[in-house]
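**Student:** sequence? don't have it. structure:
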């Protein structure tokens, strides 16, 4: 590109991990999500109490299968449930326990609840594929 790039905007990234930012009374603390959350892009997040313990949990899903040929796909994710605990942090709960397995090119997720029983349902929007309705088995219940 030669001389054209001399006046171009230059932005530098300092962090590439997926994180959460916690507001502790006006002071923001950045915490890296577990390694299982780092294996693919995150495109959908739900921050809700899904297991009925009155502590909010995090559910994530993502992947990227439409990148340019030189880069390749980033599609190792199957979604992840992070159970909130009393200490203000989150513990990984695997798909074998929750039933969460969303391995397509997820673009977003939304929470749907049935009113007659406590069973969280996720609506998963997938790029170039069908939407999915996933029932999450509540960990510990």
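**Tutor:** Thanks, I have the structure now. In this text, all values refer to a predicted model and were calculated from it rather than measured experimentally.
**Student:** tell me where the protein has strands.
**Tutor:** Here the chain has its strands, by DSSP state E, at 19-24, 27-32, 42-48, 57-62, 80-84, 90-93, 106-113, 120-126, 132-135.
**Student:** partner strands of the third one and their direction?
**Tutor:** Based on DSSP bridges, the strands next to strand 42-48 in the sheet, each with its direction, are strand 57-62 (antiparallel).
**Student:** got the angle between the strand it pairs with and strand 19-24?
**Tutor:** Interaxial angle of strand 57-62 relative to strand 19-24 (axes from the mean of the first three to the mean of the last three CA atoms, to 10 degrees): 150 degrees.
**Student:** return the distance of strand 57-62 from the chain's centre.
**Tutor:** 3 Å (CA atoms, centre = their mean, to the nearest Å).
**Student:** who touches it?
**Tutor:** Applying CB atoms under 8 Å, 6 or more residues apart in numbering, the external contacts of strand 57-62 come out as 18, 20, 33, 37, 40-51, 77, 79-84, 90, 100, 102, 106, 109, 122, 124, 136. The C-beta positions use only the backbone N, C-alpha and C, and glycine is treated the same way.
**Student:** need the strands of the chain in CSV with distance to residue 6, mean neighbour count and mean pLDDT, can you?
**Tutor:** CSV is the format used below for those (distance: least, CB to CB, whole Å; neighbours: other CB atoms under 10 Å; pLDDT from 0 to 100):
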stretch, distance to residue 6, mean neighbour count, mean pLDDT
strand 19-24, 34, 11, 91
strand 27-32, 34, 10, 94
strand 42-48, 35, 16, 94
strand 57-62, 36, 24, 95
strand 80-84, 43, 23, 95
strand 90-93, 45, 17, 94
strand 106-113, 37, 17, 93
strand 120-126, 42, 18, 92
strand 132-135, 48, 14, 90
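**Student:** can I get these in TSV including distance to residue 71?
**Tutor:** Formatted as TSV, those follow (distance: least, CB to CB, whole Å):
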stretch	distance to residue 71
strand 19-24	22
strand 27-32	23
strand 42-48	16
strand 57-62	15
strand 80-84	23
strand 90-93	27
strand 106-113	18
strand 120-126	20
strand 132-135	26
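**Student:** now the residue nearest the centre of the chain: how far from residue 110?
**Tutor:** In the chain, the centroid-proximal residue (CA atoms, centre = their mean) is residue 60; its distance is 2.2 Å. Going from residue 60 to residue 110 by CB to CB, to the nearest Å gives 13 Å.
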